[in-house]
Every structure is written in structure tokens, then in C-alpha cells.
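S.K.: Sequence first, then the predicted structure:
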Amino acid sequence: MEHLPEQHTHQAGASNHTRSRVAASLPLIALEDVTFRYPAVASRHERTASQRPALEKINVTFQRGEYIALLGHNGSGKSTLARLLNGLYLPTAGRLLVGGLDTRHPVARRRIRELVGMIFSDPDNQIIATLVEDDVAWGLAARGWPLARIRERVTEALTAVGMEQMRGRPPYELSGGQRQRLAIAGVLALAPDCIVADEPTALLDPQARGEMVALLQQLCQRQGITIIHTTHLLEEAALADRILILDAGQIVLSGTPTEIFSDLERLQALRLVVPQMALLGERLRALGIPVPVNALTPESLIAALEQARGAASQQEPPGREALQ
Ligand SMILES: Nc1ncnc2c1ncn2[C@@H]1O[C@H](COP(=O)(O)OP(=O)(O)OP(=O)(O)O)[C@@H](O)[C@H]1O
Ligand SMILES: [Mg+2]
């Protein structure tokens, strides 16, 4: 496992989307020595607190078509990093480039916000209109698009998130998961190269959580959209191509889910909650039962056990009795 952020190459998924892409030779997003410090506030107590930067000298690149999970416990800097990625916050030092454009440049920022869309935990902060389709159309209408093209793009975006049937409904009639899908459709309408999702499942029930992560994965695989997903849940990060772990404003670990989950003690030391299934998997491996380290949910563990059992019954390897 890398102990410093590494350069990762990943082929973008096939896409027939009309998204305009930045030069393929550049990383989509590059952070160069990025430090961010919140402004000191009036009270003496808080001024002391904000002297420590929320992020310190971050160097990392994100490639087109990657699914990256940013993991970290409360206050580690995930949301701060997410908000730097489309220029909502600007680095205090260092620079952040999106497709080669510097977020500090006011003219570039408009383009950067089209390239990098954001969704947050609470979709209600992003829903503006009184009808689903008008909400998705909002960003395009504000850019002066002709009505026919807006309709086309709205249909495309709502179809991609499985909400086409609900285009005439008011958002307040939707479930939390559906409202989060609507927020994603609003971002998709602008044809982004990247979606930054800051704890997008925090307010959802377990089923809607699973559906949300599946949707983000689908957008990555089918449309080649880079997904940067912040979470404190290892189960969600297990589905990423690459995981970065933040602690006290620094990237302390970086690797594939398999690399990251092979050291559960380290993850516990970083104050991450290791799922019971990961601990059970570790015990099973100690007994010689080959379950993968990234099987972190009951379903994935059962699937891994069934696979191991099927393989054992065909090959009769040592340790078969342990599976029965
Ligand atoms: N508006 C703010 N003003 C001052 N300090 C802040 C502000 N927002 C966050 N911080 C501080 O910056 C650090 C990083 O916070 P951030 O919200 O990025 O963490 P996080 O990983 O997203 O946490 P959580 O899991 O709770 O969402 C923390 O020490 C936090 O107290
Ligand atoms: Mg946060």
C-alpha cells in the first residue's frame, strides 16, 4: 500500500454523452501542495482552533473515469477538500487545477463549475423549482439554452437517474433517495466530467444508500464520469477504484480497497469504524477460508463464502472441511 498519494491511471468507461472533455493528456484534477485554512473568527477560542489548517500540503491527482472514495473520521477534512474541487473554496496556499484551469482564476471558475458538479448530504439545499423537470432545467435555462435542447437534456438526465416518470411531480412529494437523485440529475444536466458527492448517503436509509452508491458507480462506468465520493463508511468506500484516507488534514493512506482493507488495525487507529463483517472475514481468513478483504457487507461475505465453497467442492483443496 502506498503511504503517499500515488498517480493512478484508469481508463474512462465508454461514453456516448455529449460532455465536452478537457485535454486527455492532463489529469482531470490536480492538487499541488494545497493548504486550506479557515479564516480566523471573532472569538479568541475559535481563532486558536482555526490556526491549524483544515488541509495541509495535499498533493494528489484524479484521472478521468476514476471512482475515488475519500474516507476519514469527523473533522479530518473531507468536506473542505470536496469544496476546493470546484472552487467553492480556494487554496490558502498551493494550487488546484481542473483540466489545467486554476480554481483561483475567476473566469476559469465558471467553466470549472460546469466540469465539476457537487452534491451534498441534504438535497433540499439544491432543489429550487416546484416541479422536478423545472429543477433539472434550471442551470441550463440560466445559461440561456433554447427550450428544445433543454427538454432533451432534462430527459437524458432524468433517465440516467431513473426519475423520468416523475418529471411532472413536485419535489416535496419525493422520498429522500429520490430527491438526492433529482439533485444528481440537476448536476448531470450540465454534462460534468466529474461529480463530487459529499456524504451523499448520510440522510438515507440503508436501502436508499445502496441504491445511491450503485447509481454513482453506474454513472462512472457507463458515462465515464469521475466520481469523488466522501464518506466515513468503509462499506461504501469498498466499491471505489481507489481510496484516499484523510486524517487531520492530510492524506495518510492511498490504495485500492483490497490494499486499504488488508490492515484493519491501521483503519481502527485512524478512528474509522471497521464493519463487523470485515472482522469476521479476517477470522475466516485466519482459518484458511479464502474470503476477500473487501467483502465488508453480509451479502458480499455470503457471496464470497459461496464462491469459496464452490471452488472447494471442485478442487478439494486443503481446508475444505472448514467450509462445511
Ligand atoms: N466553517 C468553518 N470554520 C472554521 N473551521 C472549520 C469550518 N468548517 C470546518 N472547519 C474545521 O476544518 C476541519 C475539517 O473539517 P471538515 O468539515 O472538512 O471535515 P469532515 O471530514 O468533512 O468532517 P465530517 O465527517 O464531520 O463531515 C475541522 O477541524 C473543522 O473543525
Ligand atoms: Mg464533512
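M.R.: Ah, there it is. Ligands and ions are numbered 1, 2, ... in the order given.

S.K.: With only the CA atoms kept, save stretch 68-85 in CSV.
M.R.: What follows is stretch 68-85, C-alpha atoms only, in CSV (Å, rounded to 0.1, in the frame of the first residue of the first chain):
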residue,chain,number,x,y,z
ILE,A,68,-12.5,7.7,-5.7
ALA,A,69,-13.6,7.4,-2.1
LEU,A,70,-12.4,10.0,0.3
LEU,A,71,-12.5,8.4,3.7
GLY,A,72,-11.9,9.9,7.1
HIS,A,73,-13.4,10.4,10.5
ASN,A,74,-15.2,13.5,11.6
GLY,A,75,-13.2,16.7,11.1
SER,A,76,-10.5,15.0,9.0
GLY,A,77,-11.0,17.5,6.1
LYS,A,78,-13.2,15.6,3.6
SER,A,79,-15.8,18.3,3.1
THR,A,80,-13.1,21.0,2.9
LEU,A,81,-11.3,19.1,0.2
ALA,A,82,-14.6,18.4,-1.6
ARG,A,83,-15.4,22.2,-1.7
LEU,A,84,-12.0,23.0,-3.0
LEU,A,85,-12.5,20.8,-6.0
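
S.K.: Please see if it touches ligand 1.
M.R.: Yes. Applying C-beta under 6 Å from any ligand atom, one finds stretch 68-85 touching ligand 1 at 72, 74-80. All C-beta spots, glycine's among them, are computed from the backbone N, C-alpha and C.

S.K.: cool, and stretch 249-268?
M.R.: No. If you take C-beta under 6 Å from any ligand atom as the test, stretch 249-268 misses ligand 1, and the best it gets is 6.7 Å.

S.K.: what bits of this structure have low per-residue confidence?
M.R.: Applying pLDDT under 70 to the chain flags residues 1-24, 42-50, 316-324.

S.K.: which stretches of it form helices?
M.R.: Ranges of helices in the chain, per DSSP state H, are 44-49, 78-85, 106-115, 132-142, 147-160, 176-188, 206-223, 234-237, 257-260, 264-269, 276-286, 298-315.

S.K.: between those, which one is nearest to residue 251?
M.R.: helix 78-85 (9.0 Å; C-beta to C-beta).

S.K.: which residues sit against that closest one?
M.R.: With C-beta atoms under 8 Å, 6 or more residues apart in numbering as the test, helix 78-85 has contacts from 29, 31, 34, 36, 38, 54-55, 58, 70-72, 89-91, 96, 98, 103, 116, 118, 194, 196, 198-199, 228, 230-232, 246, 249.

S.K.: before we move on, back to that, need the residues of stretch 68-85 next to ligand 1 in TSV (columns: neighbour count).
M.R.: What follows is these, written out as TSV (neighbours: other C-beta atoms under 10 Å):
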residue	neighbour count
72	26
74	7
75	14
76	26
77	23
78	25
79	19
80	21
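
S.K.: For residue 54, give its distance to ligand 1.
M.R.: Applying C-beta to the nearest ligand atom, to the nearest Å, the value for residue 54 to ligand 1 is 3 Å.

S.K.: Give the burial count for that residue, as a bare number.
M.R.: Using other C-beta atoms under 10 Å, residue 54 has 21 other residues around it.

S.K.: and the gap between residue 204 and ligand 1?
M.R.: 16 Å.

S.K.: what does the chain have sitting close to ligand 1?
M.R.: So the chain meets ligand 1 at 38, 50, 54, 72, 74-80, 232 (C-beta under 6 Å from any ligand atom).

S.K.: which residue does the stretch 151-300 of the chain bring closest to ligand 1?
M.R.: residue 232 (5.5 Å; C-beta to the nearest ligand atom).

S.K.: Who are the contact partners of that residue?
M.R.: Counting by C-beta under 8 Å, 6+ apart, residue 232 has contacts 71-74, 78, 199, 272-273.

S.K.: Now tabulate the helices of the chain in CSV and tack on distance to residue 126.
M.R.: Formatted as CSV, these follow (distance: least, C-beta to C-beta, whole Å):
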stretch, distance to residue 126
helix 44-49, 28
helix 78-85, 14
helix 106-115, 13
helix 132-142, 9
helix 147-160, 14
helix 176-188, 5
helix 206-223, 15
helix 234-237, 20
helix 257-260, 29
helix 264-269, 32
helix 276-286, 33
helix 298-315, 31
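
S.K.: Many thanks, have a good one.
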